[in-house]
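Peer 1: here is the input, now give the coordinates:
(chains A and B)
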Amino acid sequence: MRAHSPALSTAVLERPTAPAPALRPTAAAAPPRPVRRLGVPPADPLGWLLGPALLLLVWTLGSMSGLVDARVLPAPWATASTALDLIREGRLQANLAISAWRAAQGLAFGVAAGVLVALASGLSLWGGYVFDGLVQVKRSIPTLALIPLLILWFGIGETMKVTAIAISAFIPIYLNTHAALRGIETRYVELAETLGLGRWAFVRQVVLPGALPGFLLGLRFAVMAAWLALVVVEQLNATSGIGYMINLARTYAQSDIIVVGLVVYALLGLTSDLAVRQIETRALGWRRTFGR
Amino acid sequence: MNAPFAPPPQSLASQSLASEPVVRVRGLSRRFTAKGVLNGVDLDIRRGEFVALLGRSGCGKSTLLRALARLDHEAEGGGEIVVPERRSVVFQDARLLPWKRVLDNVVLGLGGADAQARGVRALLEVELPGREDSWPYELSGGEQQRVALARSLVREPEVLLADEPFGALDALTRIRMHALLKRLSEAHRPAVLLVTHDVDEAIELAHRVVILEQGRVAADIAVDLPPEDPERSVRFAALRRQLLGRLGVAEREPTSHPAEPGDRHDPTA
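Peer 2: From the prediction side, this is the model:
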């Protein structure tokens, strides 16, 4: 074995410098049958824009041809000019700022609470006993069904709205972070034991970075949940915000303003999701498959 | 600790007779573990001694190694284990934390102001200079296992426990890793327990081969090959036949298959 291994490794090191001619195809009688590609080819990063663009096109054509009644759905250009008017008057910015502030507050409280409870529940046996069952029970009640109770407790002011958003954001943060904490692979736990890591070093070096992908996934869900809760609570006796603007427009049958509000919601959702994905790409550079 | 030149095997043998064993196992039993049972294992390993643990699947090899690594929290059983606190484990998978760069993996849990410098030196020793800031996924399987080796050796262990560390590597990488492990263990002189099911690997690396069978030590064979070749190859082949026989694998007759030490057999096949 030993006598032969040096010979073997020299043979390996001597790489042929020219391609072996025998590998070239010699018989060129029949053209080879092309192999049909069955998998979906890699996607263009901007390809997803096609669907929305088509929708815009159909909308434009429908409005131009008169097939779509302007009272049902205003034309794209009418909507755009309404949006410009709203911006000029300052109504859109003011309402947007209020809505964004509500969502941000609710998201901040929800994320903080979700992370803290997930840590308590994921890192200790007793914490799990106390909190996990509770959250599972809560999870089976849609947060929006809690709104009547929240109105009784907090009134119809900002506290109720922020609380409802926070509860909505809390659930996905908790679920995903908790699952990630509990899902740390046994082999890494064993490794930490053999390296003699202490409890705190284990949590800081192994558990938390290992749970980060789960947390960030939860964050994406939480951002979406926060916007959803925002839309609902702003329909309830609000006196400001995008939802209030939409509600008011409904009273006066201003469908163009309603559409502007919906577009703003869509843009908010998309940009915030993009922001969280940016955070993911930066924080998870160690993952080979990331960003696909 | 850092003997730069390894003593020749002859002087090691005489020296180890005098020194106390670093690892001492007496009457070790383990029941109901997923990977086999142990029924009264006795084993001593001295400082600088390289012991290979052979056996068929389920014979308790890994159970014994995990017991020595103190990883079997839930296991039931008795017996006496004396094993130094300064011990390192190399697993079959390199087990690098994917979210830590190579150097941070090597010095994980290592205290002291010079930890980084020691880590850099350890990476140099496993022939991975300049890879400190790579992510684990950027390395090949063999390179990852070399990082794992650096992570073990940077702690200057008194005992190195290796659980089929080359089992997942391709044959050529394995040959290079054998040479590396041999060199490093001779330089650092920990007591080594290598769990393997590769008979050639055991003979190549170990001073002693211990065969485990149904949770007991069935054979304890010294590997004392002469350094020069014609004789060495012959003795290698003979020892290999003996070990394979003990493992219940009959090798093909040497007449029909002239001794070809490079030819690898999988004894578990």
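Peer 1: what's the first-to-last distance across stretch A:84-98?
Peer 2: One end of stretch A:84-98 sits 19 Å from the other (Cα to Cα, to the nearest Å).
Peer 1: do stretch B:104-114 as well
Peer 2: First residue to last in stretch B:104-114 (Cα to Cα) measures 13 Å.
Peer 1: number of nearby residues for residue 66?
Peer 2: I went with chain A, as the question did not name one. The burial count assigned to A:G66 is 8, neighbours taken as other Cβ atoms under 10 Å in any protein chain shown. Glycine gets a C-beta too; all of them are placed from N, C-alpha and C.
Peer 1: chain B is the one I meant
Peer 2: B:R66: 22 neighbours (other Cβ under 10 Å).
Peer 1: surely it meets B:D72?
Peer 2: Yes. Counting by Cβ atoms under 8 Å, B:D72 is a contact partner of B:R66 at 4.8 Å.
Peer 1: contact partners for residue 149?
Peer 2: No chain was given, so I picked chain A. Residues near A:L149 by Cβ atoms under 8 Å, 6 or more residues apart in numbering or on different chains: none.
Peer 1: to clarify, I was referring to chain B.
Peer 2: Contacts of B:L149 (Cβ under 8 Å, 6+ apart): B:V90, B:V126, B:P165, B:L180, B:L181, B:L184.
Peer 1: show me what from the stretch 1-150 of chain B comes close to chain A.
Peer 2: B:69-71, B:87-89, B:91, B:93, B:95, B:97-100, B:108-109, B:135-137 (Cβ under 8 Å from any Cβ of the partner chain).
Peer 1: at 10 Å what do you get?
Peer 2: When proximity is defined as Cβ under 10 Å from any Cβ of the partner chain, the stretch 1-150 of chain B approaches chain A at B:66, B:69-71, B:73, B:85-93, B:95-101, B:104-105, B:108-111, B:135-138, B:148.
Peer 1: centre-most residue in the chain?
Peer 2: Just so you know, I chose chain A. Most central in chain A under Cα atoms, centre = their mean is A:R220, positioned 2.8 Å from the mean C-alpha point.
Peer 1: my question was about chain B
Peer 2: Centroid-nearest residue in chain B, with Cα atoms, centre = their mean: B:L194, separated by 2.3 Å.
Peer 1: quick one: the closest residue to B:H188 other than its chain neighbours and chain A, what's the gap?
Peer 2: Distances taken as Cβ to Cβ, 6 or more residues apart in numbering or on different chains place B:L153 nearest to B:H188, at 5.9 Å, with adjacent residues excluded. In this view, B:L153 and chain A are 13 Å apart by Cβ to the nearest Cβ, to the nearest Å.
Peer 1: try B:D229
Peer 2: 5 Å.
Peer 1: what is the burial count for that residue?
Peer 2: Look at B:D229: counted by other Cβ under 10 Å, it has 12 neighbours.
Peer 1: now B:E20
Peer 2: B:E20 - counted by other Cβ under 10 Å - has 10 other residues nearby.
Peer 1: for it, which non-adjacent residue is closest in space?
Peer 2: B:R46 (7.5 Å).
Peer 1: got the phi/psi numbers for the one you found?
Peer 2: Main-chain dihedrals, B:R46, degrees, to the nearest 10: phi -90, psi 170.
Peer 1: wait, it touches B:V23, no?
Peer 2: Yes. Using Cβ atoms under 10 Å, B:R46 is in contact with B:V23, at 8.3 Å.
Peer 1: and the residue nearest to B:R24 when sequence neighbours are not counted, how close does it get to B:G215?
Peer 2: Nearest in space to B:R24, with sequence neighbours left out and distances taken as Cβ to Cβ, 6+ apart, is B:V82 at 4.0 Å. B:V82 is 20 Å from B:G215, where distance means Cβ to Cβ, to the nearest Å.
Peer 1: three-state assignment of B:V209?
Peer 2: Look at B:V209: counting by DSSP: H, G, I helix; E, B strand; the rest coil, its state is strand.
Peer 1: actually B:R24, sorry about that
Peer 2: Applying three-state DSSP: B:R24 is strand.
Peer 1: that one: neighbouring residues, count only.
Peer 2: Neighbours of B:R24 (other Cβ under 10 Å): 15.
Peer 1: for it, give the beta-bridge partners.
Peer 2: B:D44, B:V82 (DSSP bridges).
Peer 1: so what's it up against?
Peer 2: Counting by Cβ atoms under 10 Å, 6 or more residues apart in numbering or on different chains, B:R24 makes contact with B:D42, B:L43, B:D44, B:I45, B:R46, B:E80, B:I81, B:V82, B:V83.
Peer 1: returning to that earlier point: I figured the residue nearest to B:H188 hits B:E125, correct?
Peer 2: Yes. Between B:L153 and B:E125 a contact is recorded at 6.9 Å, counting by Cβ under 10 Å.
Peer 1: so which of the two has more stuff around it?
Peer 2: B:L153 (24 against 19).
Peer 1: quick one: contacts for the more buried one?
Peer 2: Per Cβ under 10 Å, 6+ apart, neighbours of B:L153: B:88, B:90, B:106, B:118, B:121-122, B:125-126, B:160, B:181, B:184-185, B:187-188, B:190.
Peer 1: again, only this time at 7 Å
Peer 2: Contacts for B:L153 (Cβ atoms under 7 Å, 6 or more residues apart in numbering or on different chains) come out as B:A122, B:E125, B:L184, B:H188.
Peer 1: thought the first one was touching B:V106?
Peer 2: Yes. The pair B:A122 and B:V106 passes the contact test of Cβ atoms under 7 Å, sitting 5.7 Å apart.
Peer 1: neighbour-wise, which of those two wins?
Peer 2: Set B:A122 next to B:V106 and count neighbours by other Cβ under 10 Å: B:V106 wins out with 30 against 25.
Peer 1: in the chain, where is pLDDT below threshold?
Peer 2: Since no chain was named, I'll use chain A. A:1-29, A:289-292 (pLDDT under 70).
Peer 1: wrong chain, I was asking about chain B
Peer 2: Using pLDDT under 70, chain B drops low at B:1-18, B:32-36, B:250-269.
Peer 1: what does the host helix or strand of the residue nearest to the centre of chain B rub up against?
Peer 2: Element membership for B:L194, per DSSP states H and E: strand B:191-195. With Cβ under 7 Å, 6+ apart as the test, strand B:191-195 has contacts from B:22-23, B:45-47, B:49-53, B:61-62, B:65, B:68, B:158-164, B:185, B:205-206.
Peer 1: keep only those of those that are in helices.
Peer 2: If you go by DSSP state H, the contacts of strand B:191-195 have B:K61, B:S62, B:L65, B:L68, B:S185, B:L205 in helices.
Peer 1: I'd say the first one and B:L53 touch.
Peer 2: Yes. With contact defined as Cβ under 7 Å, B:K61 reaches B:L53; the gap is 5.2 Å.
Peer 1: so for those two, which residue has more residues nearby?
Peer 2: Per other Cβ under 10 Å, whichever of B:K61 and B:L53 has more neighbours is B:L53, with 28 against 25.
Peer 1: which ones are touching that one?
Peer 2: B:K61, B:L64, B:L193, B:L194, B:V195, B:V210, B:L212.
Peer 1: nearest to chain A among these?
Peer 2: Nearest to chain A out of the contacts of B:L53 is B:L193 (Cβ to the nearest Cβ; 13.5 Å).
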